[in-house]
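**Q** coordinates only, sequence not included:
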C-alpha cells in the first residue's frame, strides 16, 4: 500500500534520511524503530505529507503520494496539542472538515466516537477544562474521524495512562481487522511485538534492518534453548537425596543420573547463561552446535535433572534493537 | 481553496463567539465616546480656568477691560512700589508684569513680560495681538480716523475655499473637513493593521506553541492555513467596524432626535441674520454691527460651510480608495505578521521582529500627519503614497483631496504586487518556521528558510 523508494532528506547539508526504502502492506501494522535522532520523525512527516523528500519517491496505492491523498491519511505526531479555548465538539468538527468531511457526516461521527470513548458528557467543554487523559482521547478521535486508510502514529502511547493505552491498542487491532494500515513509531518494544507485523530499524538516518517481525526474530535465532529445572541440577549431583525418589519413578532417567549426572549438559553444550529465579527454579540457556540436535539436547536435559520447561530462545525485538544499534555505533 | 474557507470559518467563528469580542464591540464606541467626551470636557474646563491671566500692566496704550477679557486677560494697575510687584509675582498673586511705557510704539521687541511661570505660546501671541491691535488702532486714530470708521474696516468672516469640478461648477472644498476625514481614515487603517495584524500573529504563534500545527499541516497546505487565518481575522475586524458604524448611526439618530428641538431654535434666536453671512461671504461694511450678533452669524456660517463641504466631498471615491488601501495594507502587513508568528517560539521573541516591521507604518503615520496636512499633493506625499509599506496610510489621508486617478491606480497596483510577493515570501517562512522548535530565530534563519522551501 505504501512504498518508500530511496528517500533522502537533508537539513542544512546534513543527511537525515539516507536512502530509505520501505514497503508497508495493506492492513498491516508497521513498526518504525530507532534511537532518538535517527530520523524517524523526519520520515514520518514525509509520509504524512507535511514535508516532501529531497530525493526519492513515496507511493500511496500505486500513485505518487500527493495532497490528494490527505483525506486517506491520519497523522498523530509525537508533539501534539489541541486548541485550548475551543470546545471539544468544535475542535473535532474542525479537524474532520479539514480532512474533507461534510459537516453533517462529521457531526454523526464525532457523536459516535465520543460515545465510544465515553466522553460525550464533555462535548461542550473547552479543552483547557479537560483532564489529560480525556484530552488524549479527543486527540485520538481527531486523528481517526475521517476513517483513514493509512494511520501514522508517532509514539502513540507516550503520555497515555495504561488504561487509555489499552483502549487505544484495542482500537488499533479493531481497525486493523477492518483493513486499516498502520505505521507506528515507538520506543516501547513490548508494543511492537504485540501489535506489529513488520518493522524497520533506522539508525543515523539509515535503515539497518527491516522485515516481518517473525522473520527477523527467526533470523537472529542462534540454536539457543532455554531449559528450566525445578531446582539446580548441580546441587542434585552433589548427592542431595531428597530429590532422588522423584526421579526414580522414571527408570531411564535414574540410571543415567546416577552414572554421570552433571557432565552431559555442562560438558557437551555451550552454556550461554544460567540463573535461579524466585521460585528456586533453575534456568539454563544452552547453544547447540551442528552435530547436536534438538532431540539429543532434550534427552540430555532429562538426564541432567528434573526438567519442567523447555523452549527455543528467539531474541526479543528489544534485544535485536539494542544489539543492532550498539553494533553500528561501535 | 476549500481548506482556506474551512480555516477562515473557524478563525472567524471562534473569535466572534468570544466574550471579549462581544463586549468590546458594544463597549468600544461607548469607551471612545467617553474618551473624547472626557477630552473635550477637560479642554473646556481648562480654557475657563487656567488661561485667564492676571497681569499688572503699565503703559500708554489704553486697552478696555472687555477687549482684554476677550483675549482672557485681566489687566490691573501695578502697585506703587516695585518690590511689591516682584513679591506679588513670586507669591503668584499675579501672573505677570508687563511694562511698555517707555517703548517706541512701532516695535514691541524690547518689551518684557515678567512672570514666575512662563506663558504658553498661545497666551503670549494673544497678548501680543491684543497690544498690536491696540497700538495699530491708536496709530490710526492719531492719523485722524475716528472710532466708527475704524469699526467699519473690521473684516468679518473667513475665506471660503472653492474649487472647480469637471463640469465647470464651483464648489466649496471644505478643506478642514477633508483633512479631518483623511486623518480619521488613516487612523482607522493604522489601528486596524496593528490590532488585527498582531491577532494573526498570535494565532499563528498559538498553533505553534501548543503543537497543533503539525496535525493541521498534515491536512492543509501551510499557505492555505495562513490565508485562512488572515482573511478570517480581516472579517472579524470588518464585522466589528460594521457593528460600530451601525451603533454609531443609531447613536447619532437618537441624539439628533433628542436635540432636534434645540437645534431648530438656533436660527430663531438670531433671526435678523444677514443672508449673505450664511452663505459664507464677508458681511457688508456695517459700522453699527452688533459684535455679539456677528460672532453668532460667523459661527453659523462656519457650520453651514461644513455641511456644504460635506455635500461636495467625493464620498464615493473616498470610500473606494479607503476600502482598497485598507484591505491592501492589512493583507500586506498581516502576511508579514503571520510569518513572524510562525517563526518565533514565544511571545517575548516577537519584539525584535515587530520593531523593524512596524517602523514603516509608524513613519507613514507621521508623514500623514505632517506633510499631507500642509501639502496633500506635494512631492513627499506623492512619494510616500507610492511606497507600498506606507501607501495605505498616506493614500487614505490624501483620499479626500481628489488624488489623480493615475496615482491611485499606480499606488494600488504597486501595493497589490508587493502584497502578492510578500504573501509568497511569508508562506515560505511560515511553512518552514511552524515546524522549527528550539532556538530563537534570527533574520538569517528567515533567509535560510526562504531558500530552503
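**A** On my side now, so go ahead. Computed from a predicted model, the values in this text were never measured in an experiment. Residues are numbered from 1 along each chain as shown, chains lettered A, B, ... in the order given.
**Q** select the longest helix from chain A.
**A** Ranked by residue count and defined by DSSP state H, the top helix of chain A is helix A:162-177.
**Q** who does that one touch, helix- and strand-wise?
**A** Helices and strands touching helix A:162-177, by 3 or more CB pairs under 8 Å, 6 or more residues apart in numbering or on different chains; DSSP states H and E, are helix A:132-144, strand A:181-185, helix A:189-195. For the C-beta atoms, the positions are set from N, CA and C on the backbone; glycine is no exception.
**Q** what's the angle from the shortest one to helix A:162-177?
**A** In other words, strand A:181-185. For the pair strand A:181-185 and helix A:162-177, the angle between their directions (axes from the mean of the first three to the mean of the last three CA atoms, to 10 degrees) equals 140 degrees.
**Q** next: the longest one.
**A** Between helix A:132-144 and helix A:162-177, the angle formed by their directions is 10 degrees, by the same axes, to 10 degrees.
**Q** okay, strands next: where are they in the stretch 151-300 of chain A?
**A** Residue ranges of the strands in the stretch 151-300 of chain A, as given by DSSP state E, counting those that start in this stretch, are A:181-185, A:198-203, A:206-212, A:224-229, A:270-276, A:282-287.
**Q** which other helices and strands contact the second one?
**A** Just to be clear, that refers to strand A:198-203. Using 3+ CB pairs under 8 Å, 6+ apart as the contact criterion, the neighbours of strand A:198-203 among helices and strands are strand A:14-24, strand A:29-33, strand A:206-212, helix A:213-219, helix A:317-329.
**Q** pipe those into CSV and attach mean pLDDT and distance to residue B:375 per row.
**A** Below are these laid out as CSV (pLDDT from 0 to 100; distance: least, CB to CB, whole Å):
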stretch, mean pLDDT, distance to residue B:375
strand A:14-24, 89, 57
strand A:29-33, 92, 68
strand A:206-212, 88, 69
helix A:213-219, 88, 80
helix A:317-329, 85, 74
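**Q** tell me the most buried of these?
**A** Among the helices and strands packed on strand A:198-203, judged by mean count of other CB atoms under 10 Å in any protein chain shown, the one packed with the most neighbours on average is strand A:29-33 (a mean of 27).
**Q** can you name the next helix or strand after it?
**A** In the C-terminal direction, the helix or strand that comes right after strand A:29-33 (DSSP states H and E) is helix A:40-47.
**Q** got the angle for that following helix vs strand A:181-185?
**A** For helix A:40-47 against strand A:181-185, the angle by the same axes, to 10 degrees is 150 degrees.
**Q** counting contacts, what elements does helix A:40-47 pack onto?
**A** If you count contacts as 3+ CB pairs under 8 Å, 6+ apart, helix A:40-47 packs onto strand A:2-11, strand A:14-24, strand A:29-33, strand A:150-154, strand A:181-185.
**Q** quickly run through the sheet partners of the fourth one, with directions.
**A** Here the strand partners of strand A:150-154, with direction, are listed using DSSP bridges: strand A:73-76 (parallel), strand A:181-185 (parallel).
**Q** those into TSV, with extra columns for mean pLDDT?
**A** Output for the strands paired with strand A:150-154, formatted as TSV (pLDDT from 0 to 100):
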stretch	mean pLDDT
strand A:73-76	92
strand A:181-185	92
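**Q** rewinding a little: quick one: contacts of the longest helix of chain A?
**A** Residues outside helix A:162-177 that contact it (CB atoms under 8 Å, 6 or more residues apart in numbering or on different chains) are A:27-29, A:117, A:133, A:136-137, A:140, A:144, A:151, A:156-157, A:160, A:182, A:191, A:194-195.
**Q** at 10 Å instead, please
**A** Residues outside helix A:162-177 that contact it (CB atoms under 10 Å, 6 or more residues apart in numbering or on different chains) are A:27-29, A:74, A:76, A:113, A:116-118, A:132-134, A:136-137, A:140-141, A:144, A:147-148, A:151, A:153, A:156-161, A:180-182, A:184, A:188, A:191, A:194-195, A:197.
**Q** what does stretch A:283-300 give?
**A** With contacts defined as CB under 10 Å, 6+ apart, stretch A:283-300 is touched by A:222-229, A:232-233, A:252-253, A:256, A:263-266, A:268-277, A:301, A:304-305, A:307, A:309-310, A:312-313.
**Q** now these: which count as buried?
**A** Judged by neighbour count, with 16 or more other CB atoms under 10 Å in any protein chain shown as the criterion, the buried members of these are A:223-225, A:227-229, A:232-233, A:253, A:256, A:264-266, A:269, A:274, A:301, A:304-305, A:307, A:313.
**Q** what's the closest non-adjacent residue to the most centrally placed residue in chain A?
**A** Geometric centre of chain A, nearest residue: residue A:192, 0.5 Å, by CA atoms, centre = their mean. The spatially closest residue to residue A:192, leaving aside those adjacent along the chain, is residue A:31, at 4.4 Å (CB to CB, 6 or more residues apart in numbering or on different chains).
**Q** so who does the one you found touch?
**A** By CB under 10 Å, 6+ apart, the contact set of residue A:31 is A:182-186, A:188-189, A:191-193, A:195-201, A:210, A:213, A:317.
**Q** for it, give its distance to chain B.
**A** Relative to chain B, residue A:31 is positioned 20 Å away (CB to the nearest CB, to the nearest Å).
**Q** and residue B:64, what does it touch?
**A** Per CB under 10 Å, 6+ apart, neighbours of residue B:64: B:70, B:75, B:134.
**Q** which of the residues you listed lies closest to chain A?
**A** residue B:70 (60.4 Å; CB to the nearest CB).
**Q** I'd assumed residue B:126 was in contact with that closest one.
**A** Yes - Residue B:70 is within contact range of residue B:126, at 9.4 Å (criterion: CB atoms under 10 Å).
**Q** tell me which of the two has more neighbours.
**A** Between residue B:70 and residue B:126, residue B:126 has the larger neighbour count (other CB atoms under 10 Å in any protein chain shown), namely 18 against 12.
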